[in-house]
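S.K.: Let's see this in three dimensions:
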Amino acid sequence: MQGVSRTSLDEVIRRLDDILPSANTATLGHELFEVVALLEQEHSLRRWLADPAGSPDSKSALVSDLLEAKVSPATLLVANDVVRARWSASRDLVDAAEQAAVFATIAEHGSAQQLEGVEDELFRFGRIVAGQPELRVALTADGVPIEHKRTLVENLLSGKVGAATLALITEAATRPRGRTLEQGLDHFSQLVAERAKHYIAVVRTAVPMSEAQQSRLQAALTRTYGRDIHLNIEIAPEVVGGLSIRVGDEVIDGTIAGRIAEIRRRLAG
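M.R.: All right, here's what the predicted structure looks like:
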């Protein structure tokens, strides 16, 4: 988000932080995801709520009428904060509600170390899905009922990951918002990292890295980006040698496979 939407998002999250200590955060996260689903489904409502010419009081009154009997007071407060704010685009309004939902879902994980645990669980599940095409199809195929996908995720992961991770994976699988499953997991991981005030570096390497090598790489990336870095290591024999590192949208490709591909592109050009 940029401009007025960025300012509005910061204010929504600031007010969310005031609410979290007294809220049932698991319920708040779940209900905010339901609000996101409603806004995704009702296009006219979303556009009207995001229209900068509309009255904030009118928007708040409508949302209160729609939600008051269905959600907790904390959820209603956050939803009202979202719709009263100014947004550059209707999608920004929904993205803000989604970010609030994620932050509420992970609120019980107060330390950076605990949040890293959520990131690791999301990353590992992404690797599992990538390695099991039949599972991926079961979780992403059109026409499969949401409840079936929800039950499948529950049966696969209950007791194996934390409640926050289970909630986020379920959301990514059942209501993707136009993202692939992998993109949804990555998006939620990035939001968790933002909450932990660090960046995620996805490192692809042909062979496992020692703890010393990981520490050196982590320190180098922290110096480069000026922010703490959390490493997600993926063993990928196809890279042949070297490392491929992705931090956000930036990719540093130092693999042999990457260099060969670059030579081939130059020759073809």
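
S.K.: Identify the residue spatially nearest to L49, adjacent ones excluded.
M.R.: V83 (4.8 Å; Cβ to Cβ, 6 or more residues apart in numbering). In this view, the C-beta of every residue, glycine as well, is placed from N, C-alpha and C.

S.K.: That neighbour - how many residues pack around it?
M.R.: 27 (other Cβ atoms under 10 Å).

S.K.: Doesn't it lie inside a helix?
M.R.: Yes - according to DSSP: H, G, I helix; E, B strand; the rest coil, V83 belongs to a helix.

S.K.: Outline the domain layout of this protein.
M.R.: 3-105, 110-196, 198-269 (automatic domain parsing).

S.K.: Rebuild these as JSON lines, extending it with mean pLDDT.
M.R.: What follows is the domains of the chain, written out as JSON lines (pLDDT from 0 to 100):
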{"stretch": "domain 3-105", "mean pLDDT": "96"}
{"stretch": "domain 110-196", "mean pLDDT": "92"}
{"stretch": "domain 198-269", "mean pLDDT": "83"}
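
S.K.: A96 against A85, yeah?
M.R.: Yes - contact criterion Cβ atoms under 8 Å: A96 and A85 qualify, at 7.3 Å.

S.K.: More neighbours: the two, which one.
M.R.: A96 (26 against 22).

S.K.: mind listing what the more buried one touches?
M.R.: Residues near A96 by Cβ atoms under 8 Å, 6 or more residues apart in numbering: 1, 5, 8-9, 12, 82, 85, 87.

S.K.: got the CA positions of the helix or strand harbouring it in PDB?
M.R.: A96 is part of helix 90-105, with elements assigned from DSSP states H and E. Extracted in PDB, the C-alpha atoms of helix 90-105 (Å, rounded to 0.1, in the frame of the first residue of the first chain):
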ATOM      1  CA  SER A  90     -11.300  -1.000  -2.500                       C
ATOM      2  CA  ARG A  91      -8.800  -3.800  -2.400                       C
ATOM      3  CA  ASP A  92      -6.700  -1.900   0.100                       C
ATOM      4  CA  LEU A  93      -9.700  -1.800   2.500                       C
ATOM      5  CA  VAL A  94     -10.000  -5.700   2.300                       C
ATOM      6  CA  ASP A  95      -6.200  -6.100   2.600                       C
ATOM      7  CA  ALA A  96      -6.300  -4.000   5.800                       C
ATOM      8  CA  ALA A  97      -9.000  -6.200   7.300                       C
ATOM      9  CA  GLU A  98      -7.000  -9.300   6.300                       C
ATOM     10  CA  GLN A  99      -3.800  -7.900   7.900                       C
ATOM     11  CA  ALA A 100      -5.700  -7.100  11.100                       C
ATOM     12  CA  ALA A 101      -7.100 -10.700  11.000                       C
ATOM     13  CA  VAL A 102      -3.600 -12.200  10.700                       C
ATOM     14  CA  PHE A 103      -2.200 -10.000  13.500                       C
ATOM     15  CA  ALA A 104      -5.100 -10.900  15.800                       C
ATOM     16  CA  THR A 105      -4.600 -14.600  15.000                       C
END
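
S.K.: Show me what secondary structure element comes after that helix.
M.R.: In N-to-C order, the element after helix 90-105 by DSSP H and E is helix 112-131.
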